[in-house]
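# Give me a model of this one.
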Amino acid sequence: MKALVYNGPGSPSWETIPDPAIEDSSDVIVRVDTTTICGTDLHILKGDVPSVKPGTVLGHEAIGTVVDKGSGVTSLDLGDRVIVSCITSCGSCQYCRKPMPSHCLAFDSTGWVLGNLINGTQAEYVRLPYGQNSTYKLPEGMDDAQALFLSDIFPTGFEMGVRYGRVTPGDVVAVVGVGPVGLAAVATAGLYGASKVIAVGRTRPRIDKALEMGATHGVSTNDPDWFDTVMGLTDGLGVDVAIEAVGVPHTLDQAFRLVRPGGHVANAGVHGTSFSLPINDLWIQNITFTTGLVDTVTIPILIDLIKAGRIHPEAMGTHHFAMDNMLEAYEIFSEASKHNCLKTVITH
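Below you'll find the predicted structure:
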């Protein structure tokens, strides 16, 4: 089969490798019909994720078709169309039963194994350990573009941003960073009753996309008065919930500046460097700060919301490619702002 192989920092290749095969009774083999690229994949290519060894197939998001399964798989049949979760869950360890499968003990206390510890989804076929616990059947009539971003991005924005941020009816919410994760938080914050959802970003096209996907206000940090503009939308008090969705110290600092006493700062971005927590200012303000790796346990909820027409994840899919053009897709996504690219849709 063809696959996108990581050969070390700065060295991906689209090459032929052996097809995956059943190795354990819980395994499922899926033909990858549609996949995408995540910002985490770019971090891997920069050498920022040492757990990923050369020779690993990248990718952890996909829609596919079951073509083989182990003897222990009872809830999936050959030919079933499934959403592949970015988190692999054994279903029985302490963390999976919590449920917090992002720390599944079957793989050294991490649920993120696809495209990390084992071969991932940017290939024609993928082997899924604990396949029936780590996939969700695609509902009849739902197409790949609608469901693809339920593998990772939408649950991340929803779980790590909205749910960890404890958004409640009437809250004023600021989403700092309106890339894919931020847009997912924007799209789901209103479902929890937020009275205002303020998209805080740099570029106008992404702010406009946030307004299209559910933000009530959009503010560009290129405007020197951006902070005062946001505070003006909160009667000068600050927001109830600030969701940081970029993953750099600067935007996390902005989130802390925006939140009011008694508020919540929810980190949904992937951070690669340390951050000096301003605890000397925060301790007296009753601020709650949360972090976390997505569990994807909300995928069934998000499926129902798509079916009800309440969310439209497909709006993120701005650039489409055939799978044989995987390297071109990486080139475009690695310069996303230049090409006004949010997420790629890569089809077999």
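
# From here on, just use CA atoms for contacts and neighbour counts.
Fine.

# and L211, helix, strand or coil?
Assigned by DSSP: H, G, I helix; E, B strand; the rest coil, the conformation of L211 is helix.

# give the contact list for it.
Contacts for L211 (Cα atoms under 8 Å, 6 or more residues apart in numbering) come out as 199, 217-218.

# can I see the domain layout of the chain?
Listed by automatic domain parsing, the domain ranges of the chain are 2-151+296-347, 154-290.

# Just send the ones you listed back as TSV, with mean pLDDT too.
Below are the domains of the chain laid out as TSV (pLDDT from 0 to 100):
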stretch	mean pLDDT
domain 2-151+296-347	96
domain 154-290	95
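
# picking that back up, same list, the contacts of L211, but as CSV with distance to V113 and secondary structure please.
Formatted as CSV, these follow (distance: Cα to Cα, whole Å; DSSP: H, G, I helix; E, B strand; the rest coil):
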residue, distance to V113, secondary structure
A199, 32, strand
H217, 37, strand
G218, 36, strand
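
# most surrounded residue in those?
A199 (31 neighbours; other Cα atoms under 10 Å).

# Other residues contacting stretch 153-163?
Residues from elsewhere that reach stretch 153-163 (Cα under 8 Å, 6+ apart): 180-185, 188-189, 192, 243-245, 266-268, 291-299, 302, 313.

# What subset of those is buried?
For these, a neighbour count by 16 or more other Cα atoms under 10 Å gives the buried set as 180-185, 188-189, 243-245, 266-268, 291-297, 299, 302, 313.

# Mind checking which of those land in strands?
Counting by DSSP state E, the part of the buried ones among the contacts of stretch 153-163 found in strands is 243-244, 266-267.

# Please point out which parts of stretch 3-21 sit buried.
Buried residues in stretch 3-21, counted by 16+ other Cα under 10 Å: 3-9, 12-14, 20-21.

# out of those, what pair is the most spread apart?
P9 and A21 (27.7 Å; Cα to Cα).

# Could you list the buried residues of stretch 228-236?
230-231, 234.

# Return the member of those nearest to L58.
The shortest approach to L58 among the buried residues of stretch 228-236 belongs to V230, at 38.9 Å (Cα to Cα).

# Counting by contacts, list what the helix or strand where that closest one lies packs against.
Under the criterion of DSSP states H and E, V230 resides in helix 226-232. The helices and strands touching helix 226-232, judged by 3 or more Cα pairs under 8 Å, 6 or more residues apart in numbering; DSSP states H and E, are strand 217-220, helix 249-258.

# Output these in JSON lines; the columns should cover distance to S71.
Shown next, in JSON lines, are the helices and strands packed on helix 226-232 (distance: least, Cα to Cα, whole Å):
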{"stretch": "strand 217-220", "distance to S71": "52"}
{"stretch": "helix 249-258", "distance to S71": "47"}
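
# Nearest to G70, out of those?
The minimum distance between G70 and the helices and strands packed on helix 226-232 falls on helix 249-258, with 44.3 Å, by Cα to Cα.

# What backbone torsions are found at the residue nearest the centre of the chain?
The centroid of the chain falls nearest to I153 when counting by Cα atoms, centre = their mean (2.3 Å). Main-chain dihedrals, I153, degrees, to the nearest 10: phi -60, psi -50.

# Repeat that for D48.
phi -80, psi -10.

# how much space between it and D41?
Note on D48: its distance to D41, by Cα to Cα, to the nearest Å, is 10 Å.

# In terms of neighbours, single out the busier of those two.
Each of D48 and D41 has its neighbours counted (other Cα under 10 Å); D41 has more, 20 against 14.

# and the more buried one, what does it touch?
For D41, the contact set (Cα under 8 Å, 6+ apart) comprises 58-59.

# what's the helix or strand for it?
D41 belongs to helix 39-45 when assigned by DSSP H and E.
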